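In: Sequence and predicted structure, then a few things I'm wondering about:
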Amino acid sequence: MIELSGVTKSFGSKQVLRGIDLRLDKGQSLVVIGGSGTGKSVLLKCILGLVRPDEGLITLEGQNVLTAEREAFLARFGMLFQGGALFDSLRVWENVAFRLMRGPLKRPKDEAREIAVEKLRRVGLGPETADLFPAELSGGMQKRVGLARAIAAEPEIIFFDEPTTGLDPIMAGVINALIREIVTEMGATAITITHDMTSVRAIADRVAMLHDGLIRWNGPVGEMDSTPDPYVQQFIHGRATGPIAAVR
Amino acid sequence: MTGAVVTGALAALGRPVLSALAAFGRVAIYAAQTISHLVRPPFYTREFLSALLHVGWLSLPVVGLTAIFTGGALALQIYAGGQRFNAEAVVPQIVAIGMVRELGPVLVGLMIAARVTSSIAAEIATMKVTEQIDALVTLSTNPMKYLTVPRVLAGTLTVPLLVAVGDVIGIMGGFLVATGQLGFNKATYIQTTLDFLESADVISSLAKGAVFGFIATLIGCYHGMASGRGAMGVGGATKTAVAAASILILAANFLLTSVMFTP
């Protein structure tokens, strides 16, 4: 469904992606792991067309994402951003229903609000949060609102950028279960970026490890622990010594 | 050796010139894109109304206070200067023409640059830093249509009205000082002001307001969108936006005055 071949991206003299080859089938949940600053978020942004790759090809169902009609292309995606990226000037329910209040998916205001409240309930937030502003929420609540927004229009493909960072272990578990449930229930295709190995095991069908601008290892989550790849082993066990330098 | 020194000096001179020209070109392209989006749907009415409130209505106090003190000071200055050649009686005329043709539009423009340009640049830069702009794109919303167009349109439409209000309040400031402190007759002052002002003066004032409103909001949006990362990026974008908008407003004022009032 989503295929990347030979994708490179540099920012100034820093080459972040050095030739990414990756394939994800429909309905699969891929988790991308890797150290901080290895280009995981850039990879997602390249797929979405928010960042233009220097070289290589990214296709969605065979069509080059850069030449696809933008609105129709983006309507298929939902994304949870690392910090939530909620719009400060809008109330929580308006954030969640953003896509349902404008453009081709526009609904009457009452219906959009109803859907927003239902999505908030799904991520464990009561209706009393709907009329608050994002600044009135804790970091964890903002993240859950971001998740509700990502799934509000029931997209085919959902990207999760560090979905559990900053959450307590219980809430992280709730979010992990929710992501797995959404992927299974909605039949959505998902790419998740995380450092949290508990999340990896809870969410992933497949795991890809990004290191030094390349996919070091890519395989089913069940094979992750038994792979002899020293990079993967160091990362998943959190060892300070190994082929990945601690100071990068 | 001498050749290398000359080349180095020329290069040092050329770099900032090229950089300035490139920046000017980027702003021009951004302005052209903004204008092209003004006539193409979708239109975000709620964002436009919100921008009208923030750019127009909420700027009234600062515009009013700036104008009234300037009008009062102008009356005092003209009276004091006029005394040197027995021309104290020209206070109403000069206050009117000074406020309407120059001080009203320019001061309102600069106040809008200080209040609105800074606020727009900081808001949009923060949105960029916190990935809200990326979120807009992923939600199939063009940031230029959603953020820039409503603000620029609101600025272009409301700043002329603010200038009109500023002109009236400025003249009122001159009136209060002239009649309260300098011994002018109230009815004569008002009549002289009305007789002296021409419709061309008022039209030029409003036209300047529209141009300054366009510049102030466009530059705020442009620098917000072009912001660097982190708190320093937001601060830098805000500072650059206010400085650039103020300079462009003053430059545009000179150009417009040259076009409108050169005999």
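Out: The structure has been received and is ready for your questions.
In: In the sheet, which residues pair with the residue nearest the centre of chain A? Tell me.
Out: For chain A, the residue sitting closest to the mean C-alpha position, by CA atoms, centre = their mean, is residue A:160 at 1.8 Å. According to DSSP bridges, the residues that bridge with residue A:160 are residue A:80, residue A:192.
In: Do I have it right that it meets residue A:191?
Out: Yes - using CB atoms under 8 Å, residue A:160 is in contact with residue A:191, at 7.4 Å. (Each C-beta comes from the backbone N, C-alpha and C, glycine too.)
In: pLDDT weak spots in chain A?
Out: Residue ranges of chain A with pLDDT under 70: A:246-248.
In: Please name the residues that touch the residue of it found nearest chain B.
Out: Distances between chain A and chain B by CB to the nearest CB are smallest at residue A:85, namely 3.9 Å. Residues in contact with residue A:85 (CB atoms under 8 Å, 6 or more residues apart in numbering or on different chains) are A:146, B:130-132, B:134-135.
In: And the furthest pair within these?
Out: A:146 and B:134 (12.2 Å; CB to CB).
In: any residues in contact with both of those two?
Out: A:81, A:85.
In: Quick check on the two: which one has the bigger neighbour count.
Out: Between residue A:146 and residue B:134, residue A:146 has the larger neighbour count (other CB atoms under 10 Å in any protein chain shown), namely 25 against 22.
In: picking that back up, next one: the residue nearest to the centre of chain A from residue A:29, what distance?
Out: Going from residue A:160 to residue A:29 by CB to CB, to the nearest Å gives 9 Å.
In: Quickly list what's touching both of these two.
Out: Shared contacts of residue A:160 and residue A:29, defined by CB under 8 Å, 6+ apart, comprise A:179, A:190-192, A:203.
In: ok, the contacts of residue A:85 vs residue A:128, which is closest?
Out: residue A:146 (18.4 Å).
In: residues touching the closest one, list them.
Out: Residues near residue A:146 by CB under 8 Å, 6+ apart: A:80-81, A:84-86.
In: cutoff 6 Å now
Out: By CB atoms under 6 Å, 6 or more residues apart in numbering or on different chains, residue A:146 lies in contact with A:80, A:84.
In: Helix or strand: which one has the nearest residue to residue B:131 once chain neighbours are set aside?
Out: Of all residues not flanking residue B:131 in the chain, residue A:85 sits nearest, at 4.1 Å (CB to CB, 6 or more residues apart in numbering or on different chains). Here residue A:85 sits in a region with no helix or strand, counting by DSSP states H and E.
In: Residue B:244 versus residue A:85, what's the distance?
Out: For residue A:85, the distance to residue B:244 - CB to CB - is 28 Å.
In: Repeat that for residue A:21.
Out: Distance, residue A:21 to residue B:244, by CB to CB: 44 Å.
In: Between these two, which has more neighbouring residues?
Out: Just comparing residue A:21 and residue B:244: by other CB under 10 Å the higher neighbour count belongs to residue B:244, 20 against 13.
In: Chain A contacts on chain B?
Out: B:130-132, B:134-135, B:137-140 (CB under 6 Å from any CB of the partner chain).
In: Which ones among these map onto helices?
Out: B:132, B:134-135, B:137-138 (DSSP state H).
In: Provide the contact partners of stretch B:229-246 at residue level.
Out: Stretch B:229-246 is contacted by residues B:110, B:113, B:117-118, B:121-122, B:125-126, B:215-216, B:219-220, B:223-224, B:227 when judged by CB under 6 Å, 6+ apart.
In: got it, and stretch A:123-135?
Out: Under the criterion CB under 6 Å, 6+ apart, residues A:86, A:88, A:91-93, A:117, A:142, A:144, A:147-148, A:174 lie in contact with stretch A:123-135.
In: Please save the CA atoms from that stretch in CSV.
Out: The C-alpha trace of stretch A:123-135 is given here as CSV (Å, rounded to 0.1, in the frame of the first residue of the first chain):
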residue,chain,number,x,y,z
VAL,A,123,-9.9,8.1,24.2
GLY,A,124,-11.1,8.3,27.8
LEU,A,125,-12.2,11.9,28.0
GLY,A,126,-15.6,12.9,29.3
PRO,A,127,-17.9,15.4,27.6
GLU,A,128,-17.0,18.1,30.1
THR,A,129,-13.6,18.4,28.4
ALA,A,130,-15.3,19.3,25.0
ASP,A,131,-15.7,23.0,25.7
LEU,A,132,-12.3,23.5,27.3
PHE,A,133,-9.4,25.1,25.4
PRO,A,134,-6.2,23.0,24.9
ALA,A,135,-4.2,25.2,27.3
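In: buried stuff in it?
Out: Using 16 or more other CB atoms under 10 Å in any protein chain shown as the test for burial, stretch A:123-135 gives A:123-125, A:129-130, A:134.
In: and those as CSV, adding secondary structure?
Out: Shown next, in CSV, are these (DSSP: H, G, I helix; E, B strand; the rest coil):
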residue, secondary structure
A:123, coil
A:124, coil
A:125, coil
A:129, helix
A:130, coil
A:134, helix
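In: Any idea how many residues pack against the residue nearest to residue A:155 when sequence neighbours are not counted?
Out: Excluding its sequence neighbours, the residue lying closest to residue A:155 (CB to CB, 6+ apart) is residue A:78, at 3.8 Å. Residue A:78 has 26 neighbours, counted by other CB under 10 Å.
In: Now for residue A:78: which residues touch it?
Out: Residues counted as contacts of residue A:78 (CB under 6 Å, 6+ apart) are A:150-151, A:155, A:158.
In: Can you tell me which of those residues is nearest residue B:202?
Out: Nearest to residue B:202 among the contacts of residue A:78, counting by CB to CB, is residue A:150 at 52.7 Å.
In: my guess is the closest one contacts residue A:77, does it?
Out: No - in this structure residue A:150 lies outside contact range of residue A:77 using CB atoms under 6 Å: 8.8 Å.
In: Have a look at these two and say which one is more surrounded.
Out: When residue A:150 and residue A:77 are compared on other CB under 10 Å, the one with more neighbours turns out to be residue A:150, at 28 against 23.
In: Buried ones in the helix or strand in which that one is found, by neighbour count?
Out: Per DSSP H and E, residue A:150 falls inside helix A:139-151. Using 16+ other CB under 10 Å as the test for burial, helix A:139-151 gives A:140-151.
In: do stretch B:178-192 as well
Out: For stretch B:178-192, by 16+ other CB under 10 Å, it's B:178-179, B:182, B:184, B:189, B:192.
In: Tabulate those (a markdown table), appending pLDDT.
Out: A markdown table is the format used below for the buried residues of stretch B:178-192 (pLDDT from 0 to 100):
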| residue | pLDDT |
| --- | --- |
| B:178 | 96 |
| B:179 | 96 |
| B:182 | 94 |
| B:184 | 95 |
| B:189 | 95 |
| B:192 | 94 |
